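[1] Coordinates only, no sequence provided:
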């Protein structure tokens, strides 16, 4: 019967489009990275990896993810738990917390530059309160660690919202009956949290972690605005190689490194954070 | 301490916490909006925490002298093209996932989610080579095609959950009364799904509006706003423009996004909750 094919026909254009725009570039990236004059060669790989900036970029990308993602997860979890009950101003609070969802990394970088620059809000506030006698310098090559901190602050500010929304949605799907039953049997808040809420949130926590870590591997705009190349990251160096040096091969290697990291991290998460459901646990 | 004071203290602590968090989100936005309009003297005066003299000079310079206005126009064109292409391809796919049972459905759905995680640089860098061949380099259509690849998985998943939310029986009833499947879709399901689709379109818009890597790489003269801003305020070495230009740029970038969240806020939690699970 003909109707059997209808769903496939409906799906075909979207899938063909995605395959072309993701499959073709992937093949092309491998070609750019591993060939020279049309033959297989590791020349480009050597050129990329012999540059110390490559290892710096790899290091800083991973360090940034390690510094940012756990903070976001804990903060989002606390916020979601706090907001997931009735109180005055609940709706307004949720709206305020999700505003950063629409703010891009470039804009977040600019906003935090406003806050943290030498004549910025933070420094002026602290100076006028008498808490510091000299402005705290955040920007410039000499203050690399402070630039790193500024990036962490801006990213936590901007992207905790998405983790918060995912966890909040997960919380709202937990049936009240489990919690009520536990309460009847005398379980306190912490016990309920540990034995019911957190296990049932695992799928949400898992997807939030995957999304945030994978996007952290691609961090670009916020770093480029706040630190430029003082703090090299993989996406930023790929961008620099492509736009300034015009070395497509090396740029591709940076991109492929991001892809490789993403695949490894995705696989690790799926392996170690296997979703557990309360129903099947005895 | 009796129970009542304990309860009150807990309540105060809770509200203090909520207030702190909301302030942590809102203060930077308010401050950067204020600084965007502050005069140079106020900005460099170490005793003025909050500026009192205002000027529109920086915002005007960014908009009209440095080309952000053209960037805004380009961003809107790219975003609208992205919405059109991704919805044209995504709605049929979303409908198929919502309404039909077929072999390999779960695999297809999972692969689509997985594609959403695909690193953008891997897609963008080789596209430069392709676009030069196809004469698409530095065109808005080229950027929109790349943004569509980014937005399409999202559109497929979100439209499928929107269509799944429209009662199947309504469509079947319409078909009993003689409409074709397509006719029933057009006159029953689509109108009912419209508010959800509108919200999804807004998100596609914001996604494209905020994207900077692809846009910066694929264009040189016809830049979208974020790409334009990035090249104005941060040269290759970083930090090229004076500070007050940066504040003005931040203000210009966040204003439209804030408007969108105001209109789409009703759908936010459910939409992201469904798509990202």
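    Received the coordinates, thanks. Quick caveat: nothing in here was measured; it's all calculated off a predicted structure.

[2] ok, residue A:18 touching residue B:115?
    Yes. Contact criterion C-beta atoms under 8 Å: residue A:18 and residue B:115 qualify, at 5.5 Å. Backbone N, C-alpha and C define where each C-beta goes, glycine included.

[3] Give me the common contacts of those two.
    residue B:153 (C-beta atoms under 8 Å, 6 or more residues apart in numbering or on different chains).

[4] And the two? Which one has more around it.
    residue A:18 (22 against 18; other C-beta atoms under 10 Å in any protein chain shown).

[5] Looking from chain B, tell me which residue of chain A is nearest.
    residue A:228 (1.6 Å; C-beta to the nearest C-beta).

[6] what's the neighbour count on that residue?
    Residue A:228: 21 neighbours (other C-beta under 10 Å).

[7] what about it, which helix or strand?
    Taking DSSP states H and E as the definition, one finds residue A:228 inside no helix or strand.

[8] Distance of residue B:182 relative to chain A?
    10 Å (C-beta to the nearest C-beta, to the nearest Å).

[9] try residue B:73
    Distance from residue B:73 to chain A, by C-beta to the nearest C-beta: 18 Å.

[10] which element is that residue on?
    helix B:68-99.

[11] for that helix, packing partners?
    helix A:6-18, helix B:105-116, helix B:140-165, helix B:190-210, helix B:225-233, helix B:243-264 (3 or more C-beta pairs under 8 Å, 6 or more residues apart in numbering or on different chains; DSSP states H and E).

[12] Now do that helix against helix B:190-210, angle only.
    With axes from the mean of the first three to the mean of the last three C-alpha atoms, to 10 degrees applied, the angle from helix B:68-99 to helix B:190-210 works out at 140 degrees.

[13] wait, does stretch B:130-149 contact chain A?
    Yes. Stretch B:130-149 is in contact with chain A by C-beta under 8 Å from any C-beta of the partner chain, via B:130, B:145-146, B:148-149.

[14] what comes up buried for that stretch?
    For stretch B:130-149, a neighbour-count test (16 or more other C-beta atoms under 10 Å in any protein chain shown) marks B:131, B:136-137, B:139-140, B:142-149 as buried.

[15] Let's have those residues in CSV, adding pLDDT and distance to residue A:3.
    As requested, those are exported to CSV (pLDDT from 0 to 100; distance: C-beta to C-beta, whole Å):
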residue, pLDDT, distance to residue A:3
B:131, 92, 39
B:136, 92, 38
B:137, 92, 43
B:139, 94, 40
B:140, 95, 39
B:142, 95, 38
B:143, 96, 38
B:144, 96, 34
B:145, 96, 32
B:146, 95, 35
B:147, 95, 34
B:148, 96, 29
B:149, 93, 30
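
[16] Can you tell me which of those residues is closest to residue B:119?
    The shortest approach to residue B:119 among the buried residues of stretch B:130-149 belongs to residue B:149, at 12.2 Å (C-beta to C-beta).

[17] so how far is residue B:127 from the closest one?
    For residue B:149, the distance to residue B:127 (C-beta to C-beta, to the nearest Å) stands at 9 Å.

[18] export the helices and strands packed on helix B:68-99 to a markdown table and tack on distance to residue B:183?
    Listed next are the helices and strands packed on helix B:68-99 as a markdown table, based on distance: least, C-beta to C-beta, whole Å:
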| stretch | distance to residue B:183 |
| --- | --- |
| helix A:6-18 | 15 |
| helix B:105-116 | 25 |
| helix B:140-165 | 16 |
| helix B:190-210 | 11 |
| helix B:225-233 | 41 |
| helix B:243-264 | 30 |
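
[19] so how far is residue B:91 from residue B:100?
    Taking C-beta to C-beta, one finds residue B:100 at 14 Å from residue B:91.

[20] quick one, which of the two is more surrounded?
    Remark: of residue B:100 and residue B:91, residue B:91 carries more neighbours, 23 against 15, as counted by other C-beta under 10 Å.
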